[in-house]
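**Student:** Here you go, sequence then predicted model.
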Amino acid sequence: KRRRAKTLSTGNAKLDPRGGRKISYQQLRWIDLRERRFKMTKRKNHSPDFKAKVALEAIREEMTMAELSKKYGVHPTQIGTWKRAAIENMATAFAKRGHPERVDEAQIEKLHSKIGQLVVERDFLANASVQLLGTRGRKW
């Protein structure tokens, strides 16, 4: 005896995605599985707020990584990465905010003039040592 192929049906109408041919239930499952597997999915860009929320729940450890992954639809490895980044950058949340130390223009000008003076003195002494000793010594 030949077995009849099972077909999906809704009421009296049979679902037939191949245009007129009867397709077995097993074939429909394989087609659906193949289409889902090879379907191009867009890469998800999660907001920083979402990442912080998931990382905070991971830090609290009230749920396992697998449970968090299922809850938010994010791979457990990604959750672990966000958790590690949150822990490493936690100190910056308490860093002092405000203006960096103001640069004292007068102090900078004074230091530049001092550097210029020291360069002139070095060159003078190098030339004097050549004239007195006749040897070049170290070249600056």
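**Tutor:** Ah, there it is. Numbering: from 1, shown residues only.

**Student:** Report the residue ranges of every domain in this structure.
**Tutor:** 9-38, 48-94 (automatic domain parsing).

**Student:** Quick check: which of those is buried the most?
**Tutor:** Most buried of the domains of the chain, by mean neighbour count (mean count of other CB atoms under 10 Å): domain 48-94, with a mean of 13. (Each C-beta comes from the backbone N, C-alpha and C, glycine too.)

**Student:** So for that one, mean pLDDT?
**Tutor:** Averaged across domain 48-94, pLDDT comes to 92.

**Student:** got a markdown table for the domains of the chain, with distance to Asn127 too?
**Tutor:** Formatted as a markdown table, the domains of the chain follow (distance: least, CB to CB, whole Å):
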| stretch | distance to Asn127 |
| --- | --- |
| domain 9-38 | 80 |
| domain 48-94 | 53 |
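
**Student:** For Leu125, find the nearest of those domains.
**Tutor:** Taking CB to CB, domain 48-94 is the member of the domains of the chain nearest to Leu125, at 48.9 Å.

**Student:** Show me the strands in this protein, by range?
**Tutor:** Under the criterion DSSP state E, the chain contains strands at 9-10, 13-14.

**Student:** Any idea which of the ones you listed has the lowest pLDDT on average?
**Tutor:** When those are compared on average pLDDT, strand 13-14 comes out lowest at a mean of 43.

**Student:** rewinding a little: wait, which of the domains of the chain is closest to Glu105?
**Tutor:** domain 48-94 (29.7 Å).

**Student:** what's the distance between that closest one and the middle of its chain?
**Tutor:** 13 Å (CA atoms, centre = their mean, to the nearest Å).

**Student:** for that domain, how far is the first residue from the last?
**Tutor:** By CA to CA, to the nearest Å, the extent of domain 48-94 from end to end equals 18 Å.

**Student:** What of stretch 68-79?
**Tutor:** 8 Å.
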